[in-house]
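A.B. asks: Structural data only, the sequence is not supplied:
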């Protein structure tokens, strides 16, 4: 939806129509993105979903306390259960490039603590995503400090790689706190400074979904199909400041890079959008990729 700027053709009502045409009745969507785009209140979108009998998980692209308070007030009417939030848009795990990283992190934890008071005695849960900024140990530390059932982790499977962690390591560290999942695949393309994470259809990249979906199904954890950003993410793991900022031992990082090298593909690291800047081609490719990814994950889920 980020590439589609034509309001006439792709407002929220058209998005819902697309979902129903493809028999999708459970979605995760950024409610504040649509609210800003269409200049509507949150309740406008929730009414549409309720009328069309579409269940949902909410995302807040701009995590702020005011939005959480607004959603709490209408949560009983619209059965709001999970709100996905993120700390930043510091992609690629390259926190050393951002001088304000730890100030942003401190402010993020402050907002989470405030929300723990706001959501006390409600069924709403905040799902904190690993948005290529926070490691598995940092996420667990934040959850433990909050010490309330109103918080959990939104595990974006592909994003695990950006903090120089294998999926297995990331999963084992956070699995007891997972309340929502983004099933997202990537291709890995090597660079002099590390590697690129390039968007791809689920099942055509490096993520082995078979190892985890049975667990999600057993625990009744929602799985949202997500296609990666149209801009490939450069993870500069070979930069000396990357290891220093993430406090990774040299041997562990070397072993991770060795595994990345094995999984890598020899192709252009840039996405089709970056190469051609064609909105029409990108939209058509987005729909095709989404349907392919959905069918792939559903097939694994049904066999698990």
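C.D. replies: Arrived safely, thanks for sending. Just so it is clear, the structure is predicted and the values come from calculations on it, not from any experiment.
A.B. asks: Where do the strands of the chain begin and end?
C.D. replies: Along the chain, the segments classed as strands by DSSP state E run 26-30, 55-59, 82-85, 125-129, 151-156, 178-183, 186-190, 195-199, 222-225, 233-235.
A.B. asks: tally of neighbours for residue 194?
C.D. replies: By other CB atoms under 10 Å, 21 other residues sit near residue 194. C-beta: built from backbone N, CA, C; applies to glycine.
A.B. asks: ah, wrong one, I meant residue 129
C.D. replies: 20.
A.B. asks: residues in contact with the nearest residue to it once chain neighbours are set aside?
C.D. replies: Leaving aside its sequence neighbours, residue 129 sits nearest to residue 154 (CB to CB, 6 or more residues apart in numbering; 4.0 Å). Residues near residue 154 by CB atoms under 8 Å, 6 or more residues apart in numbering: 84, 127, 128, 129, 130, 178, 179, 180, 181, 182.
A.B. asks: follow-up on the earlier one: mind putting the strands of the chain in JSON lines, distance to residue 119 and mean pLDDT included?
C.D. replies: Formatted as JSON lines, the strands of the chain follow (distance: least, CB to CB, whole Å; pLDDT from 0 to 100):
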{"stretch": "strand 26-30", "distance to residue 119": "19", "mean pLDDT": "95"}
{"stretch": "strand 55-59", "distance to residue 119": "13", "mean pLDDT": "97"}
{"stretch": "strand 82-85", "distance to residue 119": "9", "mean pLDDT": "98"}
{"stretch": "strand 125-129", "distance to residue 119": "7", "mean pLDDT": "98"}
{"stretch": "strand 151-156", "distance to residue 119": "9", "mean pLDDT": "98"}
{"stretch": "strand 178-183", "distance to residue 119": "13", "mean pLDDT": "98"}
{"stretch": "strand 186-190", "distance to residue 119": "33", "mean pLDDT": "98"}
{"stretch": "strand 195-199", "distance to residue 119": "33", "mean pLDDT": "98"}
{"stretch": "strand 222-225", "distance to residue 119": "19", "mean pLDDT": "96"}
{"stretch": "strand 233-235", "distance to residue 119": "31", "mean pLDDT": "98"}
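A.B. asks: buried stuff in the lengthiest helix in the chain?
C.D. replies: Ranked by residue count and defined by DSSP state H, the top helix of the chain is helix 279-303. Along helix 279-303, these residues count as buried under the neighbour rule (16 or more other CB atoms under 10 Å): 282, 283, 285, 286, 289, 290, 292, 293, 296, 297, 300.
A.B. asks: between that helix and strand 195-199, how many degrees?
C.D. replies: Computed by axes from the mean of the first three to the mean of the last three CA atoms, to 10 degrees, the angle separating helix 279-303 from strand 195-199 equals 90 degrees.
A.B. asks: roughly how far is helix 279-303 from the heart of the chain?
C.D. replies: Relative to its chain's centre, helix 279-303 lies at 16 Å (CA atoms, centre = their mean, to the nearest Å).
A.B. asks: Would you mind measuring from residue 224 to residue 131?
C.D. replies: 14 Å (CB to CB, to the nearest Å).
A.B. asks: so what pLDDT did residue 23 get?
C.D. replies: At residue 23, the pLDDT value in this model is 88.
A.B. asks: Next: residue 9.
C.D. replies: 56.
A.B. asks: Over to residue 300?
C.D. replies: 98.
A.B. asks: again, but for residue 184
C.D. replies: Reading off the model, residue 184 has pLDDT 98.
A.B. asks: wait, doesn't residue 292 sit right on residue 201?
C.D. replies: Yes - look at residue 292 against residue 201 with CB atoms under 8 Å: they come within range, at 4.8 Å.
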